[in-house]
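Visitor: kindly return the folded structure for what I paste below:
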Amino acid sequence: MSQKEMRLIPKPTGDAIVLEPEAGKLALEGQGGDTYRCGGCKTRLLDNVSHMDVFHGEPFDAVKCPKCGKFNQIIDDGHHHH
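Guide: Residues are numbered from 1 along each chain as shown. Below is the predicted model:
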């Protein structure tokens, strides 16, 4: 189980896919072992996700934190291949 902090980014442009979970909800939940938290307020945004969930599931560009309103991006750890 690893905890990872996401990187704060400026508000994405119009055609970006942004996950906007409701307050108290997760943007994504899976069966993996990684938890991603908001880079600003440390709220859990993605829970129990795997590399496959994050990089090969439904595509998204950013996650808007329902608590602080900041936009977060997953920092690719280098295993991702386009």
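Visitor: so which elements touch the helix or strand residue 8 falls within?
Guide: For residue 8, the host element (DSSP states H and E) is strand 7-9. With contacts taken as 3 or more Cβ pairs under 8 Å, 6 or more residues apart in numbering; DSSP states H and E, strand 7-9 sits against strand 71-73. The C-beta positions use only the backbone N, C-alpha and C, and glycine is treated the same way.
Visitor: now the strand it packs on: average pLDDT?
Guide: For strand 71-73, mean pLDDT is 97.
Visitor: run the chain-centre distance for it.
Guide: Chain-centre distance of strand 71-73: 7 Å, with Cα atoms, centre = their mean, to the nearest Å.
Visitor: before we move on, what about stretch 35-54?
Guide: The answer for stretch 35-54 is 5 Å, by Cα atoms, centre = their mean.
Visitor: buried ones in stretch 1-15?
Guide: Under the neighbour-count criterion of 16 or more other Cβ atoms under 10 Å, stretch 1-15 has residue 6 buried.
Visitor: likewise for stretch 31-42?
Guide: Neighbour counts over stretch 31-42 (16+ other Cβ under 10 Å) mark 32, 34, 35, 36, 37, 38, 39, 40 as buried.
Visitor: the last one belongs to a helix?
Guide: What it means is residue 40. No. Judged by DSSP: H, G, I helix; E, B strand; the rest coil, residue 40 forms no part of a helix; its state is coil.
Visitor: which parts of the chain are helices?
Guide: For the chain, the helices defined by DSSP state H cover 51-56.
Visitor: so where is it shaky, pLDDT-wise?
Guide: Low-confidence segments of the chain, defined by pLDDT under 70: 76-82.
Visitor: kindly recompute the last result at 80.
Guide: Along the chain, segments meeting pLDDT under 80 span 1, 75-82.
Visitor: quick revisit: nearest to residue 47, of the buried residues of stretch 31-42?
Guide: Proximity of the buried residues of stretch 31-42 to residue 47, judged by Cβ to Cβ, is greatest for residue 35, which lies at 5.2 Å.
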